[in-house]
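J.: test case, fold it:
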Amino acid sequence: MGPILLALGLAALAWALVVGDLVRRHRPLWHWYLVGYPVTACRVLATWRKVTILNDLAVSRRPQRGLLGDLVVKGDALRPVAPRISFPRATRMGLTVIVRLHAGQTPATYMKAADALVHAWKVHAVRVTSPERGLVLLTATATDPLQRPGLVTAPAELLSALIGALESGGAWVMNLRLVPHWLIAGATRSGKSTLLARLITQLAGQPVALVGIDCKGGMELGLFAGRLSALATCRREAVAVLAALVVDMQDRMSACRSAGVRSIWELPDKLRPVPVVVIVDEIAELYLSDGTRESRAEAEQCSTLLLRLAQLGAALGLHLVVAGQRVGSDLGPGVTALRAQLGGRICHRVNDPGTAEMTLGDLNKDAVAVAQSITAEERGVAVCTGPDGGWSRARSHLTPTEEAVSTARKHAAMAPELPAIARALETLEGDDK
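T.: Numbering: from 1, shown residues only. Got it, this is the predicted structure:
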């Protein structure tokens, strides 16, 4: 009877392992709640005291002292006291723990210990935030949710584009009505061009005008020329396009002033001008100068015109999406001023710490460190800001070039005409002749 029971037990164990592996691969959420969360929660509770002691998160209890006549009676030796934590609460593919800080502690000490918590709990990442004074929220993520981001949905709104998936599993949306201007940084093959292609395909079917500025001869944005209302392929053309947009912006101001409103969105539908999204690929090409007087003048013009559009264009339906491999103050003082007006930030893998600092440093120092940790294998992964001022890791959906070009051609008839820009470019061509 014994060998039979042993054989049945081994068969049941093998069957459980096979079923468990199938559930893990095909129903990871079920596997997490049934197996992953209980195991990780036990690991958190079992290792908490040791981790806090090794990473200076525990506080030594002062020994008790008593007086017996003239004698001082000492209590027990110093004992480290770990901070109190809540029971780990399950989240989607992760868990959260609330820590009550000891007097004098700050969340910064827990941020330094985040890597130690990752190794002790055997999770992918631990995020440290402070929801209120005296408390720290530790958010652990079991696996990298951006390794295979699933398709998510988001409500279709004007000037809103579904870019990809957030680390939380939610939709990564660029809503230009909420955050009118964006700065996108990323090294070569980091996913920056893929993100721009995704943005264009999402906006192509909407009643908006898309204006491209690609001073690399139109190598990137030229693929979508059919849907673009205008495309500048050199800095001279960029100056003409931006100057025409500034004139158009002034006309929109006059229309709003005459109607007694503060934005074009308060105008009646018949009087409302079409929204314009200006996409700049490689900002450095607009700011760098070869030293000649003409080149310096063009760079200064681009800097001034972009800054004016960023400062005044939000309420007038003029939006900027500025991308570049290198974003630093060495490009000129105008870059820092422009950066301050671009409230939305996206940072892919970058080649130098200065670009990550320039993109995210004025918003959150922790986001800079996370952006610098993005590896070359994580194409499309970026750190992005949200409309609430927070930040998150995210990954853009891979939109093949053929699909993006096909979508642009499909909606080419929707490209609104911008007469002011067309006249400016025609005048420039006439001067060249």
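J.: the residue most central in space within the chain and A412, how far apart?
T.: The chain has C384 as the residue nearest its centroid, 1.0 Å off, counting by C-alpha atoms, centre = their mean. To A412, C384 is 29 Å away according to C-beta to C-beta, to the nearest Å. For glycine as for every other residue, the C-beta is placed from the backbone atoms N, C-alpha and C.
J.: and the helices in the stretch 151-300 of the chain?
T.: Under the criterion DSSP state H, counting those that start in this stretch, the stretch 151-300 of the chain carries helices at the ranges 192-204, 235-259, 284-287, 293-312.
J.: dump the ones you listed into TSV; add mean pLDDT, distance to P88 and mean neighbour count as well.
T.: What follows is those, written out as TSV (pLDDT from 0 to 100; distance: least, C-beta to C-beta, whole Å; neighbours: other C-beta atoms under 10 Å):
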stretch	mean pLDDT	distance to P88	mean neighbour count
helix 192-204	93	35	24
helix 235-259	93	53	18
helix 284-287	88	47	21
helix 293-312	91	44	18
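J.: any chance of a markdown table for those, columns distance to L29?
T.: Listed next are those as a markdown table, based on distance: least, C-beta to C-beta, whole Å:
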| stretch | distance to L29 |
| --- | --- |
| helix 192-204 | 26 |
| helix 235-259 | 47 |
| helix 284-287 | 43 |
| helix 293-312 | 42 |
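J.: wait, a strand at L137?
T.: Yes. Using DSSP: H, G, I helix; E, B strand; the rest coil, the assignment for L137 is a strand.
J.: circling back: give me the contact list for the one helix or strand the residue nearest to the centre of the chain maps to.
T.: Following DSSP states H and E, one finds C384 within strand 381-385. The contact list for strand 381-385, computed with C-beta atoms under 8 Å, 6 or more residues apart in numbering, reads 146, 166, 172, 179, 186, 190-191, 195, 343-349, 360, 363, 367, 370-371, 374, 391-396.
J.: weed out the non-buried ones from these.
T.: Buried residues within the contacts of strand 381-385, defined by neighbour count using 16 or more other C-beta atoms under 10 Å: 146, 166, 172, 179, 186, 190-191, 195, 343-349, 360, 363, 367, 370-371, 374, 391-396.
J.: which ones among the residues you listed are found in strands?
T.: Among the buried ones among the contacts of strand 381-385, DSSP state E puts L166, W172, G344, R345, I346, C347, W391, S392, R393, A394, R395, S396 in strands.
J.: nearest to V276, of the helices of the stretch 151-300 of the chain?
T.: V276 lies closest to helix 235-259 among those, at 6.9 Å (C-beta to C-beta).
J.: just checking, what packs against the closest one?
T.: Using 3 or more C-beta pairs under 8 Å, 6 or more residues apart in numbering; DSSP states H and E as the contact test, the elements touching helix 235-259 are strand 209-214, strand 230-232, strand 276-281, helix 284-287, helix 293-312, strand 318-324, helix 419-432.
J.: which other residues reach the shortest one?
T.: Pointing back at strand 230-232 there. 211-215, 218, 221-222, 225, 238, 240-241, 418, 421-422, 425.
J.: same check on stretch 124-136?
T.: Stretch 124-136 is contacted from outside by 98-101, 107, 110-111, 114, 117-118, 137-144, using C-beta under 8 Å, 6+ apart.
J.: pull the CA atoms of it into PDB?
T.: The C-alpha trace of stretch 124-136 is given here as PDB (Å, rounded to 0.1, in the frame of the first residue of the first chain):
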ATOM      1  CA  HIS A 124      11.100  43.100  -9.700                       C
ATOM      2  CA  ALA A 125      11.000  46.600  -8.100                       C
ATOM      3  CA  VAL A 126      10.100  48.500  -5.000                       C
ATOM      4  CA  ARG A 127       8.800  52.100  -5.300                       C
ATOM      5  CA  VAL A 128       9.000  54.300  -2.200                       C
ATOM      6  CA  THR A 129       6.500  57.200  -1.700                       C
ATOM      7  CA  SER A 130       5.200  59.100   1.300                       C
ATOM      8  CA  PRO A 131       1.400  59.600   1.200                       C
ATOM      9  CA  GLU A 132       1.500  61.600   4.400                       C
ATOM     10  CA  ARG A 133       3.900  62.700   7.100                       C
ATOM     11  CA  GLY A 134       5.200  59.900   9.300                       C
ATOM     12  CA  LEU A 135       4.200  57.200   6.800                       C
ATOM     13  CA  VAL A 136       6.000  55.500   3.900                       C
END
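J.: next, the buried residues of that stretch.
T.: Result for stretch 124-136 [16+ other C-beta under 10 Å]: buried residues H124, A125, V126, R127, V128, S130, V136.
J.: where does the stretch 51-200 of the chain have low pLDDT?
T.: Within the stretch 51-200 of the chain, the set of residues satisfying pLDDT under 70 comprises 61-78, 148-155.
J.: tell me where it has strands.
T.: Remark: strands assigned in the stretch 51-200 of the chain by DSSP state E, counting those that start in this stretch are 59-61, 65-68, 71-74, 79-81, 84-85, 89-91, 94-100, 125-129, 135-141, 160-166, 171-175, 182-185.
J.: show me how this structure divides into domains.
T.: The record's domain parsing of the chain by automatic domain parsing lists 28-141, 160-432.
J.: ranking those domains by burial, who's on top?
T.: Of all the domains of the chain, domain 160-432 carries the top mean neighbour count, a mean of 19, counting by mean count of other C-beta atoms under 10 Å.
J.: just give me how far that domain sits from the chain centre.
T.: Relative to its chain's centre, domain 160-432 lies at 15 Å (C-alpha atoms, centre = their mean, to the nearest Å).
J.: ok, now stretch 103-116?
T.: How far stretch 103-116 lies from its chain's middle: 24 Å, per C-alpha atoms, centre = their mean.
J.: what's the end-to-end length of that stretch?
T.: End-to-end distance of stretch 103-116 (C-alpha to C-alpha, to the nearest Å): 22 Å.
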